[in-house]
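*Asks:* Build me a structure from this.
(chains A, B and C)
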Amino acid sequence: MNTSADTLARQQAARQGHWRRLPLIDNPRVRWGLVLGGVVYLVLALASVEVNWARVAEGSGRALNFLGAFLQPDFVSRQNDIMAGLMESLTMTLTSTVIGVLLAIPVGLGAARNISPLPVYAVCRAIIAVSRTFQEIIIAILFVVMFGFGPFAGMLTLAFATIGFMAKLLAEDIEDLDWKQVEAVRATGASWWQTMNHAIQPQVMPRLIGLSMYRLDINFRESSVIGIVGAGGIGATLNTSLSRYEYGTSAAILLIIIAIVLMSEYASSHVRRWTQ
Amino acid sequence: MLTLTGVGKRYPTGDRALTDIELSLPKGQVMALIGPSGAGKSTLIRCVNRLVEPTQGSIRLENTELTKLSGSRLRHARRSMGMIFQEYALVDRLTVMENVLSGQLGYVGFWRSFLRRYPKEAVAEAFRLLERVGLPHAIDKRADALSGGQRQRVGIARALLQSPKLLLVDEPTASLDPKTSRQIMRLIRELCAERELAAIINIHDVALAKQFADRIVGLRAGEIVFDGQPSELTSEILTTIYGEEDWDTTPEPAEEKSEDAFQPTAYTAHAMPTMVAGGAL
Amino acid sequence: MPVSTSSQGTPLWQRRTTRAQWLQYVAWLAGISLFLLCWKVISDNTMWVFVEDAGRQGSDLISRMMPPRWEYASVLWKPMWDTLNIATLGTALGIVMAFPVAFLAARNTTPHPLVRSLALTIIVSSRSINSLIWAMLLVTILGPGVLAGIIAIALRSIGFVGKLLYEAIEEIHPTPVEAISATGASRLQVMNYGVLPQIMPAFAGISVYRWDINIRESTVLGLVGAGGIGLQLNASINSLAWNQVSVIFVMIFATVLVSEWVSARVRHAII
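*Replies:* Now for the predicted structure:
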């Protein structure tokens, strides 16, 4: 904060017509230190980016081909592969979201500090941390090694990621909820289960439904990549088409993904309005 | 100076907000616009500076036809009309000085305003205005750190930094307590007198309107139903404007008795023959 | 909450009307059938022999991962630096591109409805496509390396930042904007004085949040050749060096925890 002497000086200067915006950070040393640090980082980072310009120039032709392919997507020639991949992706999305959300509810309850004992809290938070840190694709690699290629590993991957995502948000919700309502229900002599059902569930339910819809959307988008490592879904088809330079097919798949995401977003906004 | 002829506004929904408004405002006149909520008061003053587009009629400010302007000519015209808002309409996260200086935006280019490099005279004038409204100590405070009355003072300083010929004032006191309301109205009144500004003031409070305006215009359902001196505003006329109500027993505002309400301030020095004495409602 | 009268004439309270009750049963039935149908599709495409073997495979995997080959960590500093750069530079680039897109997409600042739908299309396309897919595309175009990773992260961030930012722009108070327009300010000045100060905290928060997400995402881009620690992960997995994989996992875990902490601190400081 400015001292009063500073303020007076600034008033005096303003009277003469001299005025500059207050700097965001008061201390000039910190201010310039941050600027300098930023510049140094940028220089070092940019210097460590190695770019093979010859390769980039060579690739720009392909970029044009690819953009061209978007104008003429090829839905037909790999029709069966696309359909099979899409079917797998959609089924994986649905089952994994249902299973993930069901499992996330106990974990979320356990990870809410205000309703669960410390050891349970610690375990549940650890599950959440692990599930959130590792990208779906890393989990998918491990599950493919354990459960073999195919959509089962993919479904488990997505369900596992769903647990971390949903449980964290659910726990935060429960920690924020209106405690007076819980006390009111408890005061009637309700058991633990009755308290959950009458005081906590009504408060978190609308958001839980909204988040599940959102996660459904995320799981579909993720299901399009875990196929790269063999965990089923449309990602495998996409990967193959790209490595064969069949850009028409790739463009078709991407357009399908975009269309489905759009539809699910539209649907989930409706569901959310309806549940509130 | 400002002349409205046949001004009408119909919203796309088909609602008629204003019908055939005829109004002319000489230099230096402070006009209060009264009327029930939804009568079109806000729409009327927003039509003048074209925040709302009138659908018919003409509005002339001195020799400029305002309804035909667009682009930079519209911005040019807006500079000469300062506007003061009900909810102050300050940018909360900017400092008081930045808020006041934004009154200069119509005069400086984008990069100057982006880098906050305002001309020296503008800064000095902004500071003089802040001193005039009693807030020189607050120049570096953020606008959201001020009280309601202080914010409205900053809003007034911003409007005046435009060096306007006309003030458009939209419910300046609606969010303020009775005492602050009076202080703000008095300030606007004084500044208009000092700078010979014309002003249109939308106001809910009939007592304030009678006390501080030279002329009162009553609006009902988008039409002018009264135009005259404050002294001519009788209970019957109030009934035509607002509808049936027992006007004579309207609780007398108590502020007249408060010690600061009737200091011999600047506006009494100017000729104001139409002023109603002592808030005799 | 309908109240009906029972045959004895006492009022009966039910939570829902009979019709609503039936509709709900049907909805549940349909939902469960759909789930079972999906489950059947997955189960048909699964080799259950492998799944039954999972326990043994899992314990085998863990025994190969333990103990981690810690000396491998010394090779990982450069890839980790690359990963950080991909995330940071990618976020910066993404923000720079997302900023104008958000202004074009917000209902109250867009110059024209057509421009708005174009901006919304950009946002949706960017959001729908995972950064790994962007990376796959860019690797075929630009060749493998950090550059493809940076651009992939940037392209994915446009949609995320753009969407949250345009929603923030649509929620600003309209009166300061009106007041700034009334001073005779130009369009850009109105944005600068009326809109920008109002969205600044949201913008900073969104950017830091996206940076945090991008750190996670950039750890795996190497799997498709787009640079960073994912390259080492891929190489280790392909050579079945699971004791190196566990070292990489520990590194990723630590980095993500730190970035999450930094992001939470910065967001806390802003709000």
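*Asks:* Doesn't C:Val266 belong to a helix?
*Replies:* Yes: the assignment for C:Val266 by DSSP: H, G, I helix; E, B strand; the rest coil puts it in a helix.
*Asks:* That one: what's its closest spatial neighbour, skipping adjacent residues?
*Replies:* If you skip the residues right next to it in sequence, C:Val266 has C:Val208 as its closest partner in space, 4.8 Å away by CB to CB, 6 or more residues apart in numbering or on different chains. From N, CA and C alone the C-beta is placed, and that goes for glycine too.
*Asks:* So what's the residue count around the one you found?
*Replies:* Using other CB atoms under 10 Å in any protein chain shown, C:Val208 has 19 neighbouring residues.
*Asks:* Could you measure from it over to C:Ala92?
*Replies:* Going from C:Val208 to C:Ala92 by CB to CB, to the nearest Å gives 12 Å.
*Asks:* next one: C:Thr175
*Replies:* On the measure of CB to CB, C:Thr175 and C:Ala92 end up 33 Å apart.
*Asks:* And A:Ser89, by the same measure?
*Replies:* Here the distance between A:Ser89 and C:Ala92 works out to 32 Å (CB to CB).
*Asks:* Give me the more crowded residue out of those two.
*Replies:* When A:Ser89 and C:Ala92 are compared on other CB under 10 Å, the one with more neighbours turns out to be A:Ser89, at 29 against 18.
*Asks:* where's the more buried one, which helix or strand?
*Replies:* Applying DSSP states H and E as the criterion places A:Ser89 in helix A:79-110.
*Asks:* now for that helix, which elements pack on it?
*Replies:* Contacts of helix A:79-110 with other secondary structure elements, assessed using 3 or more CB pairs under 8 Å, 6 or more residues apart in numbering or on different chains; DSSP states H and E, are made with helix A:118-133, helix A:151-176, helix A:201-223, helix A:234-243, helix A:247-275, helix C:18-44.
*Asks:* Turn those helices into JSON lines, columns for mean pLDDT.
*Replies:* Converted to JSON lines, those look like this (pLDDT from 0 to 100):
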{"stretch": "helix A:118-133", "mean pLDDT": "87"}
{"stretch": "helix A:151-176", "mean pLDDT": "87"}
{"stretch": "helix A:201-223", "mean pLDDT": "83"}
{"stretch": "helix A:234-243", "mean pLDDT": "84"}
{"stretch": "helix A:247-275", "mean pLDDT": "83"}
{"stretch": "helix C:18-44", "mean pLDDT": "83"}
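*Asks:* before we move on, what SS does the residue of the stretch 1-150 of chain A found nearest chain B have?
*Replies:* Distance from chain B to each residue of the stretch 1-150 of chain A (CB to the nearest CB) is smallest for A:Gly17, at 3.4 Å. The local conformation at A:Gly17, judged by three-state DSSP, is coil.
*Asks:* Next one, pLDDT for it please.
*Replies:* Looking at A:Gly17, its pLDDT reads 80.
*Asks:* what does B:Ala269 give?
*Replies:* In this prediction, B:Ala269 has a pLDDT value of 37.
*Asks:* List the contacts of the closest residue to chain A within chain C.
*Replies:* Of chain C, the residue with the smallest distance to chain A, taken as CB to the nearest CB, is C:Phe50 at 2.9 Å. Under the criterion of CB atoms under 8 Å, 6 or more residues apart in numbering or on different chains, the contact list for C:Phe50 reads A:Phe147, A:Gly148, A:Phe149, C:Gln57.
*Asks:* Among those, which pair sits farthest apart?
*Replies:* Longest distance between any two of these is 12.6 Å, between A:Phe149 and C:Gln57; criterion CB to CB.
*Asks:* tell me the SS of whatever residue of the stretch 101-250 of chain B ends up closest to chain C?
*Replies:* For the stretch 101-250 of chain B and chain C, the shortest gap (CB to the nearest CB) falls at B:Gly106, measuring 2.7 Å. Reducing the assignment to helix, strand or coil with three-state DSSP, the entry for B:Gly106 is coil.
*Asks:* How about the backbone phi and psi for it?
*Replies:* phi -70, psi -10 (degrees, to the nearest 10).
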